[in-house]
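Colleague: Sequence first, then the predicted structure:
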Amino acid sequence: MKKIQLLFLMLVTLTASLTFTSCKKDEEPSNQTLLVKKWYYKSYVTSGYSTTAFYADDYWDFKANGTFEETWDWGDGNYTLINDQKTISISFPGPRKAVANMKLGNHVSGVTNGTLASEIRTFEFNITKLTATELEFTYGSGAELQTYKFSTSPNPERAVR
């Protein structure tokens, strides 16, 4: 009888330990993990201007080493995630990309003719949505709020420039 009680006690202990250890929830991927990839523009909206007419080669490409490549408006530079990974802080040198975009007649955020500076420029974007396939962030506030939306697939209706 003692052997049966001992065997039963061991079985209960084993069952309890498996129950408590096998229910561990998988951790969600971090914003850093989700952000590192190429994000294609889907829409841009600010007061007085909006567009969805992006080419297939208009994108942000966030790299794991903290650099990014952007082809439509901002240029290339470095980034970090701040504020508990809810804000993307970007920095890049001077006006090279901005000048090229202005010559092409493209909209350039925060830059107007005659006011380009050569110092390191830093901007912060608030992440409002980030999944494995969608990214949305905002820049500015009030009437100056700019909303950018992206996906992981390029615009199929527009060719590469």
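Modeller: Sure thing, it's come through.
Colleague: Partner strands of the lengthiest strand in the chain and their direction?
Modeller: Longest strand of the chain, by residue count under DSSP state E: strand 120-130. Strand 120-130 has the following strand partners under DSSP bridges: strand 87-93 (antiparallel), strand 134-139 (antiparallel).
Colleague: Include mean pLDDT when you put those strands into TSV, please.
Modeller: Output for these, formatted as TSV (pLDDT from 0 to 100):
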stretch	mean pLDDT
strand 87-93	89
strand 134-139	96
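Colleague: residues touching residue 139, list them.
Modeller: Contacts for residue 139 (CB atoms under 8 Å, 6 or more residues apart in numbering) come out as 109, 123, 124, 125, 126, 145, 146, 148. C-beta coordinates here come from the backbone N, C-alpha and C atoms, glycine included.
Colleague: Flag every buried residue along the strand or helix carrying residue 33.
Modeller: Counting by DSSP states H and E, the secondary-structure element that holds residue 33 is helix 31-35. Buried residues in helix 31-35, counted by 16 or more other CB atoms under 10 Å: 31, 34, 35.
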